[in-house]
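Student: whatever this is, show me its structure:
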Amino acid sequence: MVIVALDDTDSRERGMCTTYVGARLAERLAAAGGRVERRLLVRLNPAVKHKTRGNAAVALHVDEIDADEAFEVAAVTVREFAVPADPRTSPGLVVADVDPASLPSEVAAFSRRALRHRIALEEALSLADSRGYRHAAFGTGGAGDTDDVAGRGRIGALAAVGARAAFDDWTVEHISYRELDRCGTPREVDAESVFAAADAAYPTVWDTVDRGTGEVVCVPNAPGPILYGIRGDDAAACREVATSIESEPVARAETFLTNQGTDAHLAPGTIGDLRDGAGYRVDGVVATDPETKRGGHVHVDVADGGGDGPGDEGGGPGDEDDGSGDEGGVVDAVGSRGDRLRCVAFEPTGRFRDRVRALRPGDRVTVCGEHERRALPDRADEAGTLKLEKLAVRDLVRTEKAVPACPDCGRSMSSAGRNQGYRCRDCGTDASGKVDREVDRALEAGWYEVPPSARRHVAKPLVRGGFDAPTRPER
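Tutor: Numbering: from 1, shown residues only. Modelled structure (predicted):
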């Protein structure tokens, strides 16, 4: 068995697509006598700056062909279809003469790291050379950026080589491609047929459309050769949806096994100990009221839920609103400012922002997303920012401290003086302190997610299941 893998053959501005190059390569390997047993579409770290939107590599598991011939066929195909003239594109190819069932553990570990780390090309080449894998670079490697080197795509290609051994959860994407001479022109896809097919196949097939916005999610906007891509948990169901869509002619189609839709990029993390450019699941407690800022982005701070933070100090000297001297108690567990993580639901996440806006200090949550370690203009610390993809509400604050009402007349009592409780000035009744008042909440415990139109490829839709609390999937 031979694994032929490639990456970074596409271009943001000029089109092309690594999956298309992989599909054409599969055809040519078959024509050369090989039998393509498996086609993998491997999503890598979504935080890597050189990536195109999906950051995907492709690996083909091929039998009945030797590694040298497979390498030559692949090199010719990459040279023909890749876009090395784009300064951000740096195609790479890796061919491994190895059975996918017997991949070395260090190669599988490299694949897992490629979803959560930024890896130098030198590390990838050292590992490939140590295992005797053939590799090649195409193009010149960029336009002056110190990180631009020829064949940078070999990092992703090597990660694709080890992917089958690295990940346990796999989904499917069936991709239909248009004629190449149509690339750059508007796609002709009947939206009504897409929605009908999506409704019939849901939830086995997911993220085909966004019913909240009316957007056809499976049809890309980039100028490449993909006409539409159908994602789900069953290959036959994905192909059935594709055949039900009315569109311009389909030139070819390919079904990939993929790690997208699996949350493979998320690792458990602790506030204050998160790396830049990595995905995390973080438990914490809401520390601030959510705030909608310029551009429609919603910000909220989450703390680690421990420590000896300053807490809510209640009323200051002379503030007679707090007759009991009660010092809060809701946010006294949220830690100091340096222990807080800024979480942001960006404007494109649409209605998900309403879930974030409904949080309040003291709510216990699990937040998921990509961490970017930088200080924001309104922050003195450098705790970093988490770009929210989904969140779980673990425990909601259901009550708040309130001035008591007089049991006789029903009016709010007045402060009787600091630490002297409250008194009704009309009836003379008194109370020792504030009372708990039930709060109406727009949230319930459970998982919430961004809508399909805003979901990252690798992020797991709630409809796939396997979560540790009730879910509210977005359709």
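
Student: what segments of the stretch 1-150 of the chain are strands?
Tutor: Taking DSSP state E, counting those that start in this stretch, the strands of the stretch 1-150 of the chain run over residues 2-7, 35-43, 56-63, 92-96, 134-137.

Student: nearest to Ser193, out of those strands?
Tutor: When the strands of the stretch 1-150 of the chain are compared by Cβ to Cβ, strand 35-43 sits nearest Ser193, at 24.5 Å. From N, CA and C alone the C-beta is placed, and that goes for glycine too.

Student: low-confidence ranges in this structure?
Tutor: 12-15, 49-54, 140-149, 306-338, 374-383 (pLDDT under 70).

Student: ok, Leu180 touching Pro225?
Tutor: Yes. Here Leu180 reaches Pro225: they are 5.9 Å apart, a contact under Cβ atoms under 8 Å.

Student: list residues touching both of the two?
Tutor: Taking Cβ atoms under 8 Å, 6 or more residues apart in numbering as the contact criterion, the residues that touch both Leu180 and Pro225 are Ala251.

Student: neighbour count: those two, which is higher?
Tutor: Comparing Leu180 with Pro225 by neighbour count (other Cβ atoms under 10 Å), the higher total belongs to Pro225, at 26 against 14.

Student: next, the contact list for the more buried one, please.
Tutor: Residues counted as contacts of Pro225 (Cβ under 8 Å, 6+ apart) are Gly15, Met16, Cys17, Tyr20, Tyr177, Arg178, Leu180, Cys183, Ala251.

Student: would you map the helices across the chain?
Tutor: 18-31, 67-81, 105-113, 121-131, 153-161, 163-166, 191-201, 235-244, 352-357 (DSSP state H).

Student: give me the number of residues near Arg437?
Tutor: The burial metric for Arg437, expressed as a neighbour count using other Cβ under 10 Å, is 12.

Student: OK, contacts around it?
Tutor: Taking Cβ under 8 Å, 6+ apart, we find Arg437 in contact with Thr399, Glu400, Lys401, Ala402.

Student: give me the buried subset of those residues.
Tutor: The neighbour count (16 or more other Cβ atoms under 10 Å) marks Lys401 as buried among the contacts of Arg437.

Student: which residue packs closest to Val189, ignoring adjacent ones?
Tutor: Distances taken as Cβ to Cβ, 6 or more residues apart in numbering put Ser247 closest to Val189, at 4.4 Å, once the chain neighbours are dropped.

Student: in stretch 75-87, which residues are buried?
Tutor: Buried residues in stretch 75-87, defined by neighbour count with 16+ other Cβ under 10 Å: Ala75, Thr77, Val78, Phe81, Ala82, Val83, Pro84, Asp86.

Student: pretty sure the second one sits against Ala26.
Tutor: I take that to be Thr77. No. In this structure Thr77 lies outside contact range of Ala26 using Cβ under 8 Å: 9.6 Å.

Student: still on that earlier bit, could you export the contacts of Arg437 as CSV, including distance to Val219?
Tutor: Converted to CSV, the contacts of Arg437 look like this (distance: Cβ to Cβ, whole Å):
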residue, distance to Val219
Thr399, 48
Glu400, 47
Lys401, 52
Ala402, 52
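
Student: which residues touch stretch 342-355?
Tutor: By Cβ under 8 Å, 6+ apart, the surrounding residues in contact with stretch 342-355 are 212-213, 292, 295-302, 356, 367, 369, 376, 379, 383-388, 391, 442-443, 448-451, 453-454, 474.
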